[in-house]
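**Q** Provided below are the primary sequence and the corresponding predicted coordinates.
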Amino acid sequence: MLSVEALEVAYGGIPALNGVALGVDRGEIVALLGNNGAGKTTTLKTISGLLRPLRGAIVLEGESLVGAPAHRIVLKGIAHVPEGRRIFNRLTVRENLMMGAYPRHDAAAIAGDLDRVLTLFPRLEERIGQVAGTLSGGEQQMLAIGRALMLSPRLLLLDEPSMGLAPVLVEQIFETIVDINRQGTTILLVEQNAAMALAIAHRGYVLETGTVVLAGTAAELSDNADVRRAYLGE
Ligand SMILES: Nc1ncnc2c1ncn2[C@@H]1O[C@H](COP(=O)(O)OP(=O)(O)OP(=O)(O)O)[C@@H](O)[C@H]1O
Ligand SMILES: [Mg+2]
C-alpha cells in the first residue's frame, strides 16, 4: 500500500534521514521503533507532506506523493496524529472531531464515522460539549486519534500515542488501535514503547540515526537479541 524508498531529509543542511526504506501492506499495523532523535517523527512528517525530502520515493497505491502538499496527501486518505496531539484547545470535543472531516462532503457518512469514533471512545461521547483544552492527557490523545479517524483514512500515521500516559491508559489506547485496525484501517505506528508496539504490530522497522537497521515480523524483532537489549530493557 505504502512504499518508502531511499528517503533523505535534512533540516537546514543537517541530515535527519539517510535513505530510509519501509513498506506497509494493506491491513497491517507496522511499528517504527527507535530512540530519541532516530528520525521517526521526521519519517511520518515527510510521508504526510509536512517536510520535503531531498531524495527518495514515497508511493501510495502506485501514486507518488513526493512534492505533494500536505492537504493533497490528506485527500488521498493519509491521516497523521502528530507527536504532542495538537488538538484545538478552545474548540469543543465535537468541533475538534468535525474539523477532522473538513475535506469531506458526504454528510451521512460523516455522521456514521462520528458514531463510530464515539463508540470507540465513549469518554469522548461523555465530554462531547467540553472544550478540548480542559480534557485530561489521555482524553486529548483519544480526541487526536478520533479527529484523524473522521477523515475515514486508508492509512493512519500515529506518532507516539502512548507518550505521557499512565500505564492503564496506554493499554486502552493500544487496544483501541487494534480495534481501529480490525475495522479496516492500515496503521503505521511510531513508538518508543517497543514492547507494546511489537505486541500489536504485524511487522516492524528499527530506525537508528536516520537509517533502518533492522526489519522483520513483530515476533522476529521481539526475539532479536539487539532489540531486546536496546529497546525491551534486557
Ligand atoms: N525542526 C527541526 N529542526 C532541526 N532539526 C530537527 C528538527 N526536527 C528534528 N530535527 C532533528 O532531526 C533528527 C530526527 O528527529 P525526529 O524528531 O525525527 O526524531 P524522533 O525519532 O521522532 O525522536 P523522538 O523519539 O525524540 O520523538 C534529530 O537529530 C533532531 O534533532
Ligand atoms: Mg518523534
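**A** Nice, thanks for sending it over. Numbering: from 1, shown residues only. Ligands and ions are numbered 1, 2, ... in the order given.

**Q** may I ask you to confirm that Pro161 is in contact with Glu83?
**A** No. Pro161 lies out of contact with Glu83 (Cβ atoms under 8 Å); the separation is 9.5 Å. C-betas here are computed from N, CA, C, even on glycine.

**Q** between the two, which one's more packed in?
**A** Neighbours per residue (other Cβ atoms under 10 Å) separate Pro161 from Glu83, with Pro161 holding more: 24 against 16.

**Q** relative to Glu171, how far out is that one?
**A** 12 Å (Cβ to Cβ, to the nearest Å).

**Q** quick one: the strands in this structure?
**A** Applying DSSP state E to the chain gives strands spanning 2-11, 14-24, 29-33, 55-60, 63-64, 78-81, 155-159, 186-191, 203-208, 211-217.

**Q** pipe those strands into JSON lines and attach mean neighbour count per row.
**A** Below are these laid out as JSON lines (neighbours: other Cβ atoms under 10 Å):
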{"stretch": "strand 2-11", "mean neighbour count": "18"}
{"stretch": "strand 14-24", "mean neighbour count": "18"}
{"stretch": "strand 29-33", "mean neighbour count": "25"}
{"stretch": "strand 55-60", "mean neighbour count": "17"}
{"stretch": "strand 63-64", "mean neighbour count": "10"}
{"stretch": "strand 78-81", "mean neighbour count": "24"}
{"stretch": "strand 155-159", "mean neighbour count": "24"}
{"stretch": "strand 186-191", "mean neighbour count": "24"}
{"stretch": "strand 203-208", "mean neighbour count": "22"}
{"stretch": "strand 211-217", "mean neighbour count": "16"}
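
**Q** between those strands, which one is nearest to Leu135?
**A** strand 78-81 (15.0 Å; Cβ to Cβ).

**Q** and the closest one, what does it pack against?
**A** In this structure, strand 78-81 packs against helix 40-47, helix 137-149, strand 155-159, with contacts taken as 3 or more Cβ pairs under 8 Å, 6 or more residues apart in numbering; DSSP states H and E.

**Q** hey, what's the residue nearest to the spatial centre of the chain bridged with?
**A** Compute the mean C-alpha point of the chain, and by Cα atoms, centre = their mean the closest residue is Leu158, 1.5 Å away. For Leu158, the beta-bridge partners are Val81, Leu189 (DSSP bridges).

**Q** isn't it up against Ile187?
**A** Yes. The criterion here is Cβ under 8 Å, and Leu158 meets it with Ile187 at 6.4 Å.

**Q** show me what from the chain comes close to ligand 2.
**A** The chain has residues 40-41, 83 near ligand 2, with proximity defined as Cβ under 5 Å from the ion.

**Q** again, 8 Å this time
**A** Residues of the chain found near ligand 2 (Cβ under 8 Å from the ion) are 36, 40-42, 83, 159-160, 190.

**Q** what is the nearest of those residues to ligand 2?
**A** Ligand 2 lies nearest to Thr41 out of these, by Cβ to the ion, at 3.1 Å.

**Q** quick one: the nearest residue to Ala194 once chain neighbours are set aside from Ala225, how far?
**A** Nearest residue to Ala194 in three dimensions, chain neighbours excluded: Tyr231, at 3.8 Å (Cβ to Cβ, 6 or more residues apart in numbering). As judged by Cβ to Cβ, Tyr231 and Ala225 stand 11 Å apart.

**Q** same check, this time on Ile110
**A** Applying Cβ to Cβ to Ile110 and Ala225 gives a distance of 48 Å.
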